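> sharing a model prediction with you, sequence too.
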Protein chains: 2
Amino acid sequence: MGRKRTPGRSRAERLLELVQAFRRRRRPVSAAVLAAELGVSARSLYRDVAVLRAQGAAIEGEAGIGYVMKPGFLLPPLMFAAEEIEALALGAAWVAERADPGLAASAREALARISGVLPAGLRETLEATALLVGPGEKPAPDTVDLAVVRQAIRAERRLSIVYRTGGGAPERRTIWPFGMGFFERARVVMAWCETRRDFRHFRTDRISECAGLPGRYPRRRGALMKEWRGRQGIGEV
Amino acid sequence: MGRKRTPGRSRAERLLELVQAFRRRRRPVSAAVLAAELGVSARSLYRDVAVLRAQGAAIEGEAGIGYVMKPGFLLPPLMFAAEEIEALALGAAWVAERADPGLAASAREALARISGVLPAGLRETLEATALLVGPGEKPAPDTVDLAVVRQAIRAERRLSIVYRTGGGAPERRTIWPFGMGFFERARVVMAWCETRRDFRHFRTDRISECAGLPGRYPRRRGALMKEWRGRQGIGEV
DNA sequence: CCCCTGCTGACAGATTATGTCAGCATCCGC
DNA sequence: GCGGATGCTGACATAATCTGTCAGCAGGGG
């Protein structure tokens, strides 16, 4: 039963305080100490830690030791040359304009995050950027969400897709995706095709279904990429 | 009465999302739009704004207009998501591949700076990015250093260039550059041409000489850009 | 004048947060 | 191995908070 509670600040505020408390320390801290510092019970502190972890904070807890938060939760201040900011803004603008909607949104989101840690002068440069991406023919819209494909690439997971080849009927295939290529008029998934036992490219606008399969594929995607590059006669990037 | 509620994320999470939503925009946004974006009622959004203000966010609301958040909120943004890093990497790769050498180098440099603040996992994502820019026809190389042009744009300085039009002999012109457009097969400087007393585009590969003149041109480049947009029938970005 | 928009108060019901208690697992020093 | 410190989880009951709806006021722009 929640007997003694001092309303105090809101939970959101307390969570931020907890982050600051972690950042202030280098040595491990016990939950009891932090709980006392924030004026809550140890149980609540465990819950708060769980929330921060769910948000992506790398908080490590060891029994008998305490908690340590590794850096990389909040974005630290960043400094760039003006031309570097313009280069980032232009690249993000290109992605926002020519990639699939999910990646486009991510580009805008990333730029917004960077904007949040820039000094005032550079932020103006970013907001008033004069570098524009020219209009042009865009790739046909996709049926499936390419974020699913990218997720599979990152996690090295097999995908089951339904693909319509140039002149044929749709076929179901199982692939090991390891890359995605962005051309001016098309996007392509690079993969090892289990069905064909060879490397294959799949235009994203011809994929009508796409579902991740459980388990990883048995090779590293870096190795697949390297082998594919060799076959393509493309050098290292 | 709270009738239809989708549990969704916690309030703390939503508040951070709201900050990001503000940072993503430069133009005023209405509470209704933000509420829809966050999946919450307008009333709740007003409450959220009140909370952020209490935390020190400079959010300005004007009746009939909407909200604008001024920069300088002490709460830094959260770390990038994996897909955001991929979006940045892809954009930078495009710039590195398709822009002029100076801007390409800046893009790589900017990415290196970002890489420096990433936690290990994200740095791997960045370094082993699976998103590639497809090969394609690149713009013809330039004779002049476009960094000079960009510098002039940033500083709103007049430029003296020698330009070769489609079928004519090279001419010297004085221009007020306010933007640069990156097309698939060409790069273009957008400027007000003093000689022609009108807006003009200049393909960068046809500029054979380029030198900054002292002093600023008498208009703000943002205003020039806006007017040019109006003439082009291009909406706001 | 009308519409859009910010802003506030009230209310009731749903959701969440919290402390207490109890127990298990893990790491360290002894 | 033992004991203490510590992380971690579940259950439970109560208090606090959150939320949407409704209603209304005020300011800005056309």
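Looks like it arrived, so ask away.

> C-alpha only now, for contacts and for neighbours.
Fine.

> any idea how far the residue sitting nearest the centre point of chain A is from DNA strand D?
By CA atoms, centre = their mean, chain A has its centre lying nearest to residue A:106, at 8.0 Å. Remark: distance between residue A:106 and DNA strand D (CA to the nearest atom of the strand, to the nearest Å) = 24 Å.

> next, the contact list for that residue, please.
In this structure, residue A:106 makes contact with B:83-84, B:87, judged by CA atoms under 8 Å, 6 or more residues apart in numbering or on different chains.

> give the buried residues for the longest strand along chain A.
Longest strand of chain A, by residue count under DSSP state E: strand A:170-182. Going by neighbour count (16 or more other CA atoms under 10 Å in any protein chain shown), the buried part of strand A:170-182 is A:170, A:174-182.

> only alpha carbons, please: show that strand as CSV.
Coordinates of each C-alpha in strand A:170-182 appear next as CSV, following Å, rounded to 0.1, in the frame of the first residue of the first chain:
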residue,chain,number,x,y,z
PRO,A,170,4.8,-13.3,-58.5
GLU,A,171,6.9,-15.9,-56.7
ARG,A,172,7.7,-16.4,-53.0
ARG,A,173,11.3,-16.5,-52.1
THR,A,174,13.4,-16.7,-49.0
ILE,A,175,16.4,-14.3,-49.1
TRP,A,176,19.2,-13.2,-46.9
PRO,A,177,19.2,-9.4,-47.3
PHE,A,178,22.5,-7.7,-46.7
GLY,A,179,22.2,-4.3,-48.4
MET,A,180,20.0,-1.8,-50.1
GLY,A,181,20.9,0.3,-53.1
PHE,A,182,19.4,3.7,-53.9
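
> list the neighbouring strands of that strand plus their orientation.
The pairing partners recorded for strand A:170-182 under DSSP bridges are strand A:157-164 (antiparallel), strand A:187-193 (antiparallel), strand B:131-133 (parallel).

> distance between that strand and the chain's centre?
Relative to the chain's own centre, strand A:170-182 is displaced by 20 Å; criterion: CA atoms, centre = their mean, to the nearest Å.

> show me what it is in contact with.
Residues from elsewhere that reach strand A:170-182, judged by CA under 8 Å, 6+ apart: A:99, A:149-150, A:152-154, A:156-164, A:187-195, A:217, A:221-222, A:224-225, B:130-134.

> about what we covered before: now do the residue nearest to the centre of chain A against residue B:81, distance only.
Distance check for residue A:106 against residue B:81: by CA to CA, to the nearest Å, it reads 8 Å.

> got it, and residue A:65?
Taking CA to CA, one finds residue A:65 at 30 Å from residue B:81.

> for residue A:143, same thing?
Look at residue A:143 and residue B:81: by CA to CA, they are 24 Å apart.

> check residue A:27 too.
Distance from residue A:27 to residue B:81, counting by CA to CA: 27 Å.

> now residue A:206
The spacing between residue A:206 and residue B:81, counted by CA to CA, is 28 Å.

> same check, this time on residue A:233
To residue B:81, residue A:233 is 33 Å away according to CA to CA.

> so between these two, which is more surrounded?
Neighbours of residue A:233 and residue B:81, each counted by other CA atoms under 10 Å in any protein chain shown, are more numerous for residue B:81; the result is 14 against 9.

> what segments of chain A are helices?
Here chain A has its helices, by DSSP state H, at A:11-24, A:31-38, A:42-54, A:82-98, A:101-116, A:120-127, A:146-155, A:221-232.

> as CSV, those with distance to residue B:21 and mean pLDDT would be great.
As requested, those are exported to CSV (distance: least, CA to CA, whole Å; pLDDT from 0 to 100):
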stretch, distance to residue B:21, mean pLDDT
helix A:11-24, 18, 91
helix A:31-38, 29, 93
helix A:42-54, 20, 94
helix A:82-98, 16, 97
helix A:101-116, 8, 96
helix A:120-127, 15, 93
helix A:146-155, 20, 97
helix A:221-232, 34, 93
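
> which of those sits most buried?
Mean neighbour count (mean count of other CA atoms under 10 Å in any protein chain shown) peaks for helix A:82-98 among the helices of chain A, with a mean of 25.

> what about that one and chain B, any contact?
Yes. Counting by CA under 8 Å from any CA of the partner chain, chain B has neighbours in helix A:82-98: A:83-85, A:87-88, A:90-95.

> what does the pLDDT read for the residue nearest to residue A:191 when sequence neighbours are not counted?
Distances taken as CA to CA, 6 or more residues apart in numbering or on different chains put residue A:177 closest to residue A:191, at 4.1 Å, once the chain neighbours are dropped. pLDDT for residue A:177: 98.
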